[in-house]
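> I would like to see how this sequence folds:
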Amino acid sequence: TLSKLLVCGQTIRRLTTLPLHQALLLCSMALAAEDGREREGEESLVGGYVRICRKQNLPPMSGPQMRQLLDALLDAGALASSKSGSGKGKQALVYYSLAIK
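Next comes the predicted model:
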């Protein structure tokens, strides 16, 4: 329908204006989803991002910079997060998924 096309067009416009490393991190999640992994833990998501950076001969961001990338994508509504496994003596694991489908 027309409304879906308009939303899709707006989404594509927003995605094409992302800074390079945010786009690469989002690509990592998109590749995981394409492989059937709808949710990724932070370690797996970052690992995919690092592999993409290396293939493109780009230095990956790390540490606090990576946290800023994830937070920016969450704030932009491109990624969604959910927690799992919290309880007595357990630290909650954070999983990420594409918010844009």
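> ok, and the closest non-adjacent residue to Arg51?
Spatial nearest neighbour of Arg51, excluding adjacent residues (Cβ to Cβ, 6 or more residues apart in numbering): Ser28 at 7.8 Å. Quick note: C-beta positions are derived from backbone N, CA and C, even for glycine.
> ok, now which ones touch the one you found?
40, 45-46, 48-49, 51-52 (Cβ atoms under 8 Å, 6 or more residues apart in numbering).
> filter those to the buried ones?
Buried subset of the contacts of Ser28 (neighbour count, 16 or more other Cβ atoms under 10 Å): 40, 45-46, 48-49, 52.
> check contacts around the residue nearest to the spatial centre of the chain.
Among the residues of the chain, the one closest to the centroid is Leu26, at 4.0 Å (Cα atoms, centre = their mean). Shown in contact with Leu26 (Cβ under 8 Å, 6+ apart): 15, 18, 73, 78-79, 98.
> tell me the one among those residues nearest to Gln56.
For those, the minimum distance to Gln56 (Cβ to Cβ) is 15.2 Å, reached by Leu18.
> now do that closest one against Ser28, distance only.
From Leu18 across to Ser28, the span is 13 Å (Cβ to Cβ, to the nearest Å).
> secondary structure class for the nearest residue to Ser82 once chain neighbours are set aside?
Of all residues not flanking Ser82 in the chain, Tyr95 sits nearest, at 5.3 Å (Cβ to Cβ, 6+ apart). Under DSSP: H, G, I helix; E, B strand; the rest coil, Tyr95 falls in the strand class.
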